[in-house]
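K.L.:
sharing a model prediction with you, sequence too.
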Number of protein chains: 2
Amino acid sequence: MLMVHKFGGTSLADTQKICNAAARVVETKRQGNSVLVVVSAMDDTTDKLIKLAGEITDVPSTREMDVLLSTGEQVSAALLAMAISDFGEQAVSLTGSQVGIATDDCHGDARITRINPTRLHKELEAGHIPVVTGFQGISDTGAITTLGRGGSDTTAVALAAAVHADLCEIFTDVEGIYTTDPWMVPEARKLESISYDEMLVLASLGAGVLQPQSVKFAKKHNIKLHVRSSFTHKPGTIVQGAEPVQKGVSISGIAYDLNVANLLLYVFPNDMLIYNKIFDSLVAHGITADIITHSTTRNNINGVSIVITKDNLQKALRALQGLEEVSLNENFFYNENVAKVSIVGSGHLADSQVMGKVFQAITEVGSNVQMISTTEIWMSCIVDVDKVKDIVRIIHNKLQLGHG
Amino acid sequence: MLMVHKFGGTSLADTQKICNAAARVVETKRQGNSVLVVVSAMDDTTDKLIKLAGEITDVPSTREMDVLLSTGEQVSAALLAMAISDFGEQAVSLTGSQVGIATDDCHGDARITRINPTRLHKELEAGHIPVVTGFQGISDTGAITTLGRGGSDTTAVALAAAVHADLCEIFTDVEGIYTTDPWMVPEARKLESISYDEMLVLASLGAGVLQPQSVKFAKKHNIKLHVRSSFTHKPGTIVQGAEPVQKGVSISGIAYDLNVANLLLYVFPNDMLIYNKIFDSLVAHGITADIITHSTTRNNINGVSIVITKDNLQKALRALQGLEEVSLNENFFYNENVAKVSIVGSGHLADSQVMGKVFQAITEVGSNVQMISTTEIWMSCIVDVDKVKDIVRIIHNKLQLGHG
């Protein structure tokens, strides 16, 4: 079999763990497989580099951030290649540029446009183990680009597609995909398998194990994923296939996302044209709004709430304060002490008892729902960040997700 | 003027120093110059990376070491480019590969074979400030290579030659070239100027301020160098021109080198063929012998001493212990607790009183000369490493180098 092994930052947190990962790769290779490895940066390397940039400027050039951050994966690729070679197999580290991972030029959030698998095939045919830096590529002008947080998953799946791998194993610090975060809710249950679509929704709503883009890629190219722990040999969760046909409401899990912030603006009815300006300005600055709600208060004042990622908050504030209508409006607020809790499943969630249980849970912990957004297959609430753990645990219990 | 500014690791040790370096670059630019910047890795980054590799394997692949170490300069280039942009000038970081710095494939000690200045000219003509990673290039097969310790100086001078710069300023943590290390001997005197040849000898013998290869390059292309402190605006030392014609003995300085180790082998006269094998084996492993001395003891036993860099010691030991004649010889020793002290000047040093003063100094501190090697323009002694500071200070005083 031709296998892709992807190791996340926690699986490469120190040199001991890098040696463990190397042992894992060598074991797979010696079972008669060809192995292609994709690595993330060691543990908190990326955060440390971001901190360095933050000491220099509040508004780092996105091009230079990519040059900076891409070094993290280069370090882990070199170290893992050394460790594999120390076990007696031939490994060769390759950067995104060396592999030929072409992307668009959207620095910090680039999309892979094509991959030239020639070099990889050459190394694999020679019996070598290529160790490729995840998360990064090269633009048409030769600039280093990065794919955004968690982009190494996308690299792994895209390379698996490019070389027609039989299986893409994502090694991480949890044993698979759970009904919710097992660090937060001990009763969380590991799923044996999950469809691409369910996984995509879970991932999109903040289940940190896989990046949504990687799941889309896997679905499109029909790449079988195996999400598993690098610290045990237990089977993890297989991601493949279509959504199971089920009657009624079925919940696959609860995701939460701490990387959110909320913008709030109250305006008089005749000022509503400002909405266009706000969204135009956000789009022009590359900021995607997640949930948007609009309401009219008793005083006939319109309120709009916009959820964005916390990473984008400073950029959004600068963009919006450049608009006179916002900078002169005393009723513009933002809140970064929020989190998004999402219940993912199928059936009409909003019509079911699920919503009632969610409100019960939020009331029980003394929080309130600041925003709510529902579709047929998920329901997201914005809640106080310091209550998120209790809310998730109580919803998980009320929906009896621990029982399988 | 077209200026090259090269910043060493101590000038980029933290983000505050990176901002200072950026201010320096911006100042030069705003005086009406074009500026091209070359950077080393931040302070002890390279040592930290070497330590990581050492935790994984005793014999890291030299190819992978280059992939690992080259990240250090990439981090400082990105951060410095951000800092310059924060001052309002347009900077763009470029890796060795992006600039087109082609090298041979001698990983860890590569030589620059050619530079394609197209990209640099394009950026300079647009009024941008290119910030180039020092120390690294790319081989003909596309692999990342490094130039060896201090290689950023060579990058700076080679780029200065490639773009026909008017001046190459080397910013460091000392105020110029001194008669000896000013950290070690407070009486050391700063030289206003020094010829390429004198500088080359000083650098070759361990004066750490400039890498010898960079001085050779500067001489060949007649690049005027200015070695100066990044922390003051005082003029430093100009390196240019030919050696001054002087009568008699003239001493330009005292260099020392802690990165040395000594190999010792005693053999019977009829075993001397082993010498060939030893030197063949060292050459085959890319290890250059620095000083070699040979002596015959009273018992008619031949002793050979070979000085190599301490960095190469483990590699040399493995190479030599692979030779049966060495591994079976009980009289094979090595010593890493040594240092090399070199007196550099012109005239017949060995015939002069200089040698006597050197022996006096070594005797005064209770050390002994383990090896000595002289030419017309320098004299090197191998001494105990823990006595090196006292020896250098006493020789400096005895030769009255502090008086100009």
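P.N.:
Ah, there it is.
K.L.:
the stretch 1-150 of chain A: strands as residue ranges?
P.N.:
A:2-7, A:34-39, A:91-94, A:101-103, A:112-115, A:129-133, A:136-138, A:144-146 (DSSP state E, counting those that start in this stretch).
K.L.:
format the ones you listed as CSV; extra columns: distance to B:Lys51 and mean neighbour count.
P.N.:
Where you see a C-beta, it was placed from the backbone N, CA and C, and this is true even at glycine. Below are the strands of the stretch 1-150 of chain A laid out as CSV (distance: least, C-beta to C-beta, whole Å; neighbours: other C-beta atoms under 10 Å in any protein chain shown):
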stretch, distance to B:Lys51, mean neighbour count
strand A:2-7, 21, 24
strand A:34-39, 19, 28
strand A:91-94, 19, 26
strand A:101-103, 30, 24
strand A:112-115, 34, 17
strand A:129-133, 20, 28
strand A:136-138, 25, 27
strand A:144-146, 26, 29
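K.L.:
so which of these gets nearest A:Leu167?
P.N.:
strand A:2-7 (5.4 Å; C-beta to C-beta).
K.L.:
for the closest one, packing partners?
P.N.:
Judged by 3 or more C-beta pairs under 8 Å, 6 or more residues apart in numbering or on different chains; DSSP states H and E, the packing partners of strand A:2-7 are helix A:15-30, strand A:34-39, helix A:151-162, strand A:167-172.
K.L.:
heading C-terminal from the last one, find the next helix or strand.
P.N.:
By that I understand strand A:167-172. strand A:193-194 (DSSP states H and E).
K.L.:
tell me which strands that next one pairs with, and in which orientation.
P.N.:
Taking DSSP bridges as the criterion, strand A:193-194 forms sheet pairs with strand A:237-239 (parallel).
K.L.:
on that earlier part again, of all the strands of the stretch 1-150 of chain A, which one is nearest A:Glu73?
P.N.:
strand A:129-133 (3.6 Å).
K.L.:
what about the longest helix along chain A and chain B, touching?
P.N.:
Counting by DSSP state H, the longest helix found in chain A is helix A:62-86. Yes. Using C-beta under 8 Å from any C-beta of the partner chain, helix A:62-86 reaches chain B at A:63-65, A:67-68, A:70-71, A:74-75, A:77-79, A:81-83, A:85-86.
K.L.:
and that helix, what's buried?
P.N.:
A:62-86 (16 or more other C-beta atoms under 10 Å in any protein chain shown).
K.L.:
give me the distance between the spatially closest residue to A:Gly72 that is not a sequence neighbour and chain B.
P.N.:
Spatial nearest neighbour of A:Gly72, excluding adjacent residues (C-beta to C-beta, 6 or more residues apart in numbering or on different chains): A:Ala41 at 2.8 Å. To chain B, A:Ala41 is 10 Å away according to C-beta to the nearest C-beta, to the nearest Å.
K.L.:
A:Ala41: what's it in contact with?
P.N.:
A:Gly9, A:Leu12, A:Leu69, A:Gly72, A:Glu73, A:Val75, A:Ser76, A:Phe135 (C-beta atoms under 8 Å, 6 or more residues apart in numbering or on different chains).
K.L.:
once you drop chain neighbours, what's closest to the last one?
P.N.:
Leaving aside its sequence neighbours, A:Phe135 sits nearest to A:Gly151 (C-beta to C-beta, 6+ apart; 4.0 Å).
K.L.:
tell me the SS of the closest residue to A:Gly322 other than its chain neighbours?
P.N.:
Leaving aside its chain neighbours, A:Gly322 sits nearest to A:Ser281 (7.2 Å; criterion: C-beta to C-beta, 6+ apart). Three-state assignment for A:Ser281 (DSSP: H, G, I helix; E, B strand; the rest coil): helix.
K.L.:
right, and A:Ser281 touches A:Arg318 too?
P.N.:
No. Contact criterion C-beta atoms under 8 Å: A:Ser281 and A:Arg318 do not qualify, at 10.0 Å.
K.L.:
so for the two, which sits in the more crowded spot?
P.N.:
Taking other C-beta atoms under 10 Å in any protein chain shown, A:Ser281 and A:Arg318 do not tie; A:Ser281 has more neighbours (16 against 12).
K.L.:
residues touching the more buried one, list them.
P.N.:
Residues counted as contacts of A:Ser281 (C-beta under 8 Å, 6+ apart) are A:Ala319, A:Leu320, A:Gly322, A:Leu323.
K.L.:
mind giving me the PyMOL command for buried ones among the residues you listed?
P.N.:
To isolate the buried members of the contacts of A:Ser281 in PyMOL, using 16+ other C-beta under 10 Å:
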select buried, chain A and resi 319+320+323
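K.L.:
now, the contacts of A:Ser281 that are in helices?
P.N.:
Per DSSP H, the contacts of A:Ser281 map to helices at A:Ala319, A:Leu320.
K.L.:
which of the contacts of A:Ser281 sits closest to A:Leu120?
P.N.:
Closest to A:Leu120, out of all of these and judged by C-beta to C-beta, is A:Ala319, at 40.4 Å.
K.L.:
distance of the closest one relative to A:Val283?
P.N.:
For A:Ala319, the distance to A:Val283 (C-beta to C-beta, to the nearest Å) stands at 10 Å.
K.L.:
let's have the helices and strands packed on strand A:2-7 in CSV, adding mean pLDDT.
P.N.:
Below are those laid out as CSV (pLDDT from 0 to 100):
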stretch, mean pLDDT
helix A:15-30, 97
strand A:34-39, 98
helix A:151-162, 96
strand A:167-172, 96
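K.L.:
tell me which of the ones you listed lies nearest to B:Thr57.
P.N.:
helix A:15-30 (9.0 Å).
K.L.:
within its sheet, name the partner strands of the strand ranked longest in chain A and how each one runs.
P.N.:
For chain A, the longest strand by residue count, based on DSSP state E, is strand A:250-267. Here strand A:250-267 is paired, per DSSP bridges, with strand A:302-309 (antiparallel), strand A:332-346 (antiparallel).
K.L.:
quick check: residues of chain A near chain B?
P.N.:
Counting by C-beta under 8 Å from any C-beta, the residues of chain A close to chain B are A:15-16, A:18-19, A:49, A:52-53, A:55-57, A:59-61, A:63-65, A:67-68, A:70-71, A:74-75, A:77-79, A:81-83, A:85-86, A:92-93, A:95, A:97-98, A:142, A:144.
K.L.:
at 7 Å what do you get?
P.N.:
By C-beta under 7 Å from any C-beta of the partner chain, the part of chain A that sits against chain B consists of A:15, A:18-19, A:52-53, A:55-57, A:60-61, A:64, A:67-68, A:71, A:74-75, A:77-79, A:81-83, A:85-86, A:93, A:98, A:142.
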